[in-house]
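>>> This is a predicted model, with the sequence first.
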Amino acid sequence: MVDIQNQTDDREIPLQKVGVKGLSYPVHVLDRANRTQTTSAKVDLYVNLPKNFKGTHMSRFIEVFHKYHSNLSMNRFLLMLEEIRQNLDAAESFGTLAFPFFLEKKAPVSGQSGMMVYDCKYEGSVRAISDGKVKSDFFVSVSVPVTTLCPCSKAISEKGAHNQRGVVTVKVENKSFFWIEDIITLVENAASSAVYSILKREDEKFVTEHAYDNPRFVEDIVREVYIGLCNFATGENAQSEKPFSWFSVEAESFESIHNHNAFAYTEFSE
């Protein structure tokens, strides 16, 4: 049969990215408590297209991804991208994998268990450089829901202080193995309080009072998470160098008494 994609294009316009977008697929990711967990991902996969190629072979993206979907640890994600790059004779390949990460979490007093969900994303690229060598970039993002209680409101009010849910998103450039669960714990400890899926009355009392005793601006949370990431231990022992060569932290508080949200952002780079 005629392969139109392999024909030459004479418009001399290279394309930075071509491929498949919004692919829904079941995947298996690492889970410290259960070794792996099955979740559902939205996947984008691309390669660059030189100016003389009319198109790429879309089915090959799916063929390669299917081989890896049952074991998509962080390092295997880059292996998958490199296989896509070679399979499609491309200089560069790109991919994102967005998925909900589920974690069983106990209420702080009653110990009742419920499932929490955290939005996570892998973002990676692999490109050929010279002498058969490749350079890769890989980022992991984790979004964690939290409770924030306003320090100003507490300081000026005779009764109570306004509090609300917020979300903190950490994005790290990955250099070595780490657990998603440790990022979640780091963020929750920096907030006024963690968020839970189930709370009995004794738990609600505890969470309310804990938040009141730990007021946080979004600026406070971002700075505390920044410090934690600089001291983050990716192995059994703390490392002498910072474990992440780059990271960003952002916090958004869904304000309960304002007609806007509060936001703070920072990043670190070696």
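Done, it's in.
>>> can you give me the helices for the stretch 101-250 of the chain?
For the stretch 101-250 of the chain, the helices defined by DSSP state H, counting those that start in this stretch cover 151-156, 180-190, 201-213, 218-230.
>>> In JSON lines: those helices, plus mean pLDDT.
Output for those, formatted as JSON lines (pLDDT from 0 to 100):
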{"stretch": "helix 151-156", "mean pLDDT": "97"}
{"stretch": "helix 180-190", "mean pLDDT": "97"}
{"stretch": "helix 201-213", "mean pLDDT": "98"}
{"stretch": "helix 218-230", "mean pLDDT": "97"}
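>>> can you tell which of those helices is closest to residue 60?
helix 180-190 (29.6 Å; Cβ to Cβ). Any C-beta I mention is one placed from the backbone N, CA and C, and that applies to glycine too.
>>> just checking, what packs against the closest one?
strand 92-106, strand 113-128, strand 134-149, strand 163-173, helix 218-230 (3 or more Cβ pairs under 8 Å, 6 or more residues apart in numbering; DSSP states H and E).
>>> got JSON lines for the ones you listed, with distance to residue 261 and mean neighbour count too?
Below are these laid out as JSON lines (distance: least, Cβ to Cβ, whole Å; neighbours: other Cβ atoms under 10 Å):
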{"stretch": "strand 92-106", "distance to residue 261": "22", "mean neighbour count": "19"}
{"stretch": "strand 113-128", "distance to residue 261": "17", "mean neighbour count": "17"}
{"stretch": "strand 134-149", "distance to residue 261": "11", "mean neighbour count": "20"}
{"stretch": "strand 163-173", "distance to residue 261": "8", "mean neighbour count": "21"}
{"stretch": "helix 218-230", "distance to residue 261": "9", "mean neighbour count": "19"}
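>>> So for residue 250, which of these sits nearest?
Of all these, strand 163-173 sits nearest to residue 250, with 5.1 Å by Cβ to Cβ.
>>> Could you list every helix and strand that that closest one packs against?
By 3+ Cβ pairs under 8 Å, 6+ apart, strand 163-173 packs against strand 134-149, helix 180-190, helix 218-230, strand 246-253.
>>> hmm, back to that, need the helices of the stretch 101-250 of the chain in TSV with distance to residue 244, can you?
Formatted as TSV, the helices of the stretch 101-250 of the chain follow (distance: least, Cβ to Cβ, whole Å):
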stretch	distance to residue 244
helix 151-156	28
helix 180-190	10
helix 201-213	29
helix 218-230	6
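>>> Out of those, which gets nearest to residue 252?
Nearest to residue 252, of all the helices of the stretch 101-250 of the chain, is helix 218-230, at 7.0 Å by Cβ to Cβ.
>>> Can you get me a residue count around the closest residue to residue 49 other than its chain neighbours?
Residue nearest to residue 49 in three dimensions, not counting chain neighbours: residue 15, with 4.2 Å by Cβ to Cβ, 6 or more residues apart in numbering. When counting by other Cβ atoms under 10 Å, one arrives at 15 neighbours for residue 15.
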